[in-house]
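Asker: Could you work out the structure for the sequence below:
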Amino acid sequence: MPKINGNEIRPGNVLEHNGSLWAAVKVDHVKPGKGGAFAQVELRNLRNGSKLNERFRSADKVERVRLEQKDMQFLFENDGKLVFMDTETYDQIELPADILGERRPFLQDGMTIVVEFHDTEALNATLPQKVICTIAETEPVVKGQTAANSFKPAILDNGVRVSVPPFVAQDERIVVNTETMEYSERA
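Answerer: Reported below is the predicted structural model:
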């Protein structure tokens, strides 16, 4: 695996540190008045989700790990486990339902997501950036309410609350950005 300097760590990098795999969540480069510069890195353990703050000087070497990404199709949920199928080999894997965190409601039957593997161990799952949802409940359209930045609350068919523009009505299909969990456009 390639070794990188401590000042080359970027958010999203996966590192092998203290015998475990960590994802860099936040990186701040600090140059104190006295002493050498360093990178203050917030790390998240990919296996158990624990967090760690670590300082890396530019002379420190860390191993950067490349994860293999595979497209997998969501099949069903069983006892708190999400079951996915490899679309090429038809192999099935199970991942804990909390791996998606607050984005879990956006997972739909048959949806293709990206699962990241280290050797044969599945470590992370990523939803598509945009998902189409139906509005289950919102306030009716009020004529003449066209202020530039006015939004109204809406509840989607999956139970998630988002803010939508005033012209969007109930039972309409919209595109939601899964990273920011905000309205993107009409479907």
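
Asker: Could I get the full set of helices for the chain?
Answerer: Read by DSSP state H, the chain holds no helices at all.

Asker: In this structure residue 10 contacts residue 23, no?
Answerer: No: counting by Cβ atoms under 8 Å, residue 10 sits too far from residue 23 to count as a contact (11.0 Å). Where C-beta positions appear, they are placed from N, C-alpha and C, glycine not excepted.

Asker: If you count surrounding residues, which of those two has more?
Answerer: residue 23 (19 against 11; other Cβ atoms under 10 Å).

Asker: how far away is the more buried one from residue 38?
Answerer: 19 Å (Cβ to Cβ, to the nearest Å).

Asker: Likewise for residue 26?
Answerer: In terms of Cβ to Cβ, residue 26 sits 14 Å off from residue 38.

Asker: repeat for residue 103
Answerer: For residue 103, the distance to residue 38 - Cβ to Cβ - is 33 Å.

Asker: Neighbour count: those two, which is higher?
Answerer: Taking other Cβ under 10 Å, residue 103 and residue 38 do not tie; residue 38 has more neighbours (20 against 16).

Asker: Show the contacting residues for residue 104.
Answerer: 97-98 (Cβ atoms under 8 Å, 6 or more residues apart in numbering).

Asker: Can you check the pLDDT for it?
Answerer: Listed pLDDT for residue 104 reads 88.
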